[in-house]
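> give me coordinates for this.
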Amino acid sequence: MEINAARNLLEDLDQTPTVDVSMSRTVRLITEAARCSTVSLNCDFVGPGKLGDLIESRVRLTRRTRSLVFLSAEIAAADRLLVSAAGLWKIGGA
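I've put the predicted structure just below:
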């Protein structure tokens, strides 16, 4: 984790793994699959996290087919949006 002079977390280094893990876990919960693979993940970094913030991930199912799951997600701290993301997962892995 890196913190800049304003005590903001550098979101591109810190939040991409957070959103990928939370979205992957959601795919496994929805599909009851043992594995899944990230096919595509697009992140927009909206604002910085502050040291000590409690970070929350909100994941929404957009669409599901037999082998693919489309999701959107937001990473937030309190009422502040930090990251907006959309991605595609393959059920069962590569």
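
> parallel or antiparallel, list what pairs with the lengthiest strand in the chain.
Secondary structure assigned by DSSP state E gives strand 80-91 as the longest strand of the chain. Applying DSSP bridges to the sheet, strand 80-91 is found paired with strand 36-45 (antiparallel), strand 68-77 (antiparallel).

> contacts only, for Val83.
11, 15-16, 18-19, 43-46, 73-75 (Cβ atoms under 8 Å, 6 or more residues apart in numbering). All C-beta spots, glycine's among them, are computed from the backbone N, C-alpha and C.

> and the most centrally placed residue in the chain, what element?
Residue closest to the mean C-alpha point of the chain, counted by Cα atoms, centre = their mean, is Val19 at 1.7 Å. Assessed by DSSP states H and E, Val19 sits inside helix 11-31.

> so that helix versus strand 36-45, what angle?
Counting by axes from the mean of the first three to the mean of the last three Cα atoms, to 10 degrees, helix 11-31 lies at 140 degrees to strand 36-45.

> re the thing from before, for the residue nearest to the centre of the chain, which non-adjacent residue is closest in space?
Ala85 (4.7 Å; Cβ to Cβ, 6 or more residues apart in numbering).
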